[in-house]
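A.B. asks: here are the coordinates; sequence isn't available:
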């Protein structure tokens, strides 16, 4: 029976992959489709194998076992299953009992409920469900990469590398995980929001509202990501509003108005979750930091000695947290094969960032339109804020690697676009492939 499930879903997934390929034949990056989708699916398999045989205590197989329990309710008592799916009650030790969970447990069971219909469709098979979620994540990354290239004429290689081939991002945003679903919803929403801004047609409006529903579905899982994305989209929309009704307004005045409006945007974004309120944010952030230290293996985490649950302690910790959020863990933190792999990748990122900053200060004039400038500034704002908050809330090295998925592609795009070192590497890679194919 299990073999039949594999065969059926192999053909379904193959059909979907081919259908999306044909749909994207006019894409500027269509030549990267097959390598990218294969890479994503393989990472989904490797993700499962890593946590099945190496890191035995993990979330992905906990999700699997909980999903299995919930799916079994559907097979034995459909009415009870519907109650569990839509009421948020937890099925516990064979009885329907409403159990009071802490916030992290609530998000855990919310995710299990969210993916359970797909899990049942996949025949309650971990690997098949993992493949579908990996493909879903890939589609959102593919759409966002295409959208950014189309709207902002970005460097193709930089965009493709950042969203489709950057190893730790691809690996951490695949498989049966909260990150794969989160990235799918976030990037799909960002794509539709950008398309609607540049072309407010009926089709784009409908697609935007559908993407907004998906975004709201994950608001309970990753409310901090959702809040930041909504703030950034609001900034871009405010810019378009100002340019539409005040066409001669200068860029300096636009930045001034956005700076004045930003506290209002942050205030409204805080309603997404109680934790994001001004009174609770730093208290929760510090509590999460302390809890993460307590549950982390000794020596495999960052410590911020100046970090306290107030704005002074937070601001004093920002420089160190920012470095760790963008480049950590580094080589001196590595302790096994996997951490050495991640730290080598982070060293390369640090080199690209250094090269990009040197190029930025070396050049004195840039030919860039106002729309692209605002997009760059918003991208920097989004990346830096999330890097600081994720580093402080997740000092554990392994957890931080997973939490970086929401902003790391944007950071990679920022530091590789028009970067001479990155472009040199791309040129050498192309020369190598040309020699192997006999073109030279």
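C.D. replies: Arrived safely. Note that this is a predicted model, so its numbers are computed, not measured.
A.B. asks: Go ahead and confirm residue 326 touches residue 411.
C.D. replies: Yes - counting by C-beta atoms under 8 Å, residue 326 does reach residue 411; the two are 6.3 Å apart. To be clear about C-beta, it is placed using only N, CA and C from the backbone, and glycine gets the same treatment.
A.B. asks: Compare neighbour counts for these two and give me the winner.
C.D. replies: residue 411 (26 against 21; other C-beta atoms under 10 Å).
A.B. asks: can you confirm that one is in a helix?
C.D. replies: Yes - per DSSP: H, G, I helix; E, B strand; the rest coil, residue 411 lies within a helix segment.
A.B. asks: With adjacent residues omitted, what lies nearest to it?
C.D. replies: Spatial nearest neighbour of residue 411, chain neighbours left out: residue 383 (4.7 Å); criterion: C-beta to C-beta, 6 or more residues apart in numbering.
A.B. asks: Near that neighbour, how many other residues are there?
C.D. replies: With neighbours defined by other C-beta under 10 Å, the count for residue 383 comes to 24.
A.B. asks: Now for it: which residues touch it?
C.D. replies: Residues near residue 383 by C-beta atoms under 8 Å, 6 or more residues apart in numbering: 326, 407, 410-411, 414.
A.B. asks: Secondary structure element holding residue 83?
C.D. replies: helix 78-87 (DSSP states H and E).
A.B. asks: Following the chain past the least confident helix or strand in the chain by mean pLDDT, name the next helix or strand.
C.D. replies: When each helix and strand of the chain is scored by mean pLDDT, DSSP states H and E, strand 95-97 comes last, with a mean of 41. Later in the chain than strand 95-97, the nearest helix or strand by DSSP H and E is helix 103-121.
A.B. asks: which residues touch that next one?
C.D. replies: So helix 103-121 is contacted by 59, 62-63, 66-68, 70-71, 74, 84-85, 88, 90, 101, 129, 132-133, 176, 178, 181, 217, 220-221, 275 (C-beta under 8 Å, 6+ apart).
A.B. asks: Which parts of that helix count as buried, going by neighbours?
C.D. replies: Neighbour counts over helix 103-121 (16 or more other C-beta atoms under 10 Å) mark 107-116, 118-120 as buried.
A.B. asks: same thing with stretch 166-183?
C.D. replies: Buried, per 16+ other C-beta under 10 Å, within stretch 166-183: 166, 168-183.
A.B. asks: got the end-to-end distance for that stretch?
C.D. replies: Stretch 166-183 has an end-to-end distance of 14 Å (criterion: C-alpha to C-alpha, to the nearest Å).
A.B. asks: just to revisit the earlier point, buried ones only from the contacts of helix 103-121, please, as a ChimeraX command.
C.D. replies: Buried subset of the contacts of helix 103-121, written as a ChimeraX selection, criterion 16+ other C-beta under 10 Å:
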select :63,66,67,70,71,74,84,85,90,129,132,133,176,178,181,220,221,275
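A.B. asks: Could you dump the buried residues of helix 103-121 into a markdown table and include pLDDT and distance to residue 53?
C.D. replies: As requested, the buried residues of helix 103-121 are exported to a markdown table (pLDDT from 0 to 100; distance: C-beta to C-beta, whole Å):
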| residue | pLDDT | distance to residue 53 |
| --- | --- | --- |
| 107 | 85 | 27 |
| 108 | 88 | 23 |
| 109 | 88 | 26 |
| 110 | 90 | 28 |
| 111 | 93 | 23 |
| 112 | 92 | 23 |
| 113 | 91 | 28 |
| 114 | 93 | 27 |
| 115 | 94 | 23 |
| 116 | 93 | 26 |
| 118 | 95 | 25 |
| 119 | 95 | 22 |
| 120 | 94 | 26 |
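A.B. asks: Having no further points to raise, I will conclude here.
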